[in-house]
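[1] Here is a sequence with its predicted model. Questions after.
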Amino acid sequence: MNDFRYRPKDKYIQQADWQKLYVLTDHWKSDLLFYNDDLRFLHHLIDKYFLWISKKENIDMVEEIEVNLLKIDKQCALLSERVNTHLHHLKELIDNPFVFVSEKFRDEHELLEDDLAQFLKDFRDNRKEIFKITEYIVKREELEGKLSRVIK
């Protein structure tokens, strides 16, 4: 489960034609747009439950996941820029195959894909942590709210 690559195994990137790499890269762009929307949802989720929090330790947990989420936001934005630039270069290569050195470009494509795979892993880990912490905080705060009403 540690390998999130989209490409087939072996030497696909080294042998695929520019059009196929363009389609693959366009797929990455679409995925990053989806993840960007999901990141907005996660920020909204954190903001919504932050209002419920009354204990300092819970506030600290939420601040930590918010900082991690901001790092993922930045990672997503940088990857989106790189993918857009890469798509532009691919378009140029399709129009004029002698614009870039093929081997160097393919190596950059592979590096971009590896960075996307790492982003996806980081994103999923972060998302899982956000859901775990928000669930914990909501249950704990609800329980403490019920106990305080019973004690009064």
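    Received the coordinates, thanks.
[2] Select the longest helix from the chain.
    Identified as the longest helix of the chain according to DSSP state H is helix 102-151.
[3] list the helices and strands that helix packs on?
    helix 12-15, helix 18-50, helix 56-95 (3 or more Cβ pairs under 8 Å, 6 or more residues apart in numbering; DSSP states H and E). Using the backbone N, CA and C atoms, a C-beta is placed for each residue, glycine as well.
[4] Between helix 56-95 and that helix, find me the angle.
    160 degrees (axes from the mean of the first three to the mean of the last three Cα atoms, to 10 degrees).
[5] average pLDDT for helix 102-151?
    For helix 102-151, the mean per-residue pLDDT is 81.
[6] Same list, the helices and strands packed on helix 102-151, but as CSV with distance to K139, mean pLDDT and mean neighbour count please.
    Formatted as CSV, those follow (distance: least, Cβ to Cβ, whole Å; pLDDT from 0 to 100; neighbours: other Cβ atoms under 10 Å):
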stretch, distance to K139, mean pLDDT, mean neighbour count
helix 12-15, 46, 67, 14
helix 18-50, 11, 90, 15
helix 56-95, 11, 89, 15
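[7] Could you dump those into TSV with distance to D107 added?
    Putting the helices and strands packed on helix 102-151 into TSV (distance: least, Cβ to Cβ, whole Å) gives the following:
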stretch	distance to D107
helix 12-15	8
helix 18-50	12
helix 56-95	12
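[8] Relative to F131, which of those helices is closest?
    If you check each of the helices and strands packed on helix 102-151 against F131 by Cβ to Cβ, helix 18-50 wins as the nearest, at 8.2 Å.
[9] Please tell me I have it right and L112 contacts R82.
    Yes - the pair L112 / R82 is scored as a contact, 5.9 Å apart, by Cβ atoms under 8 Å.
[10] Contact partners for the residue positioned nearest the centre of the chain?
    For the chain, the residue nearest the mean C-alpha position is F123 (4.1 Å; Cα atoms, centre = their mean). Applying Cβ atoms under 8 Å, 6 or more residues apart in numbering to F123 gives the contacts Y35, D38, L39, I72, C76.
[11] How many neighbouring residues does the closest residue to the fourth one other than its chain neighbours have?
    It stands for I72. Among residues not flanking I72 along the chain, N126 sits closest, at 5.2 Å (Cβ to Cβ, 6 or more residues apart in numbering). Other residues lying near N126 total 18 when counted by other Cβ atoms under 10 Å.
[12] Also L120?
    Neighbour tally, L120, other Cβ under 10 Å: 17.
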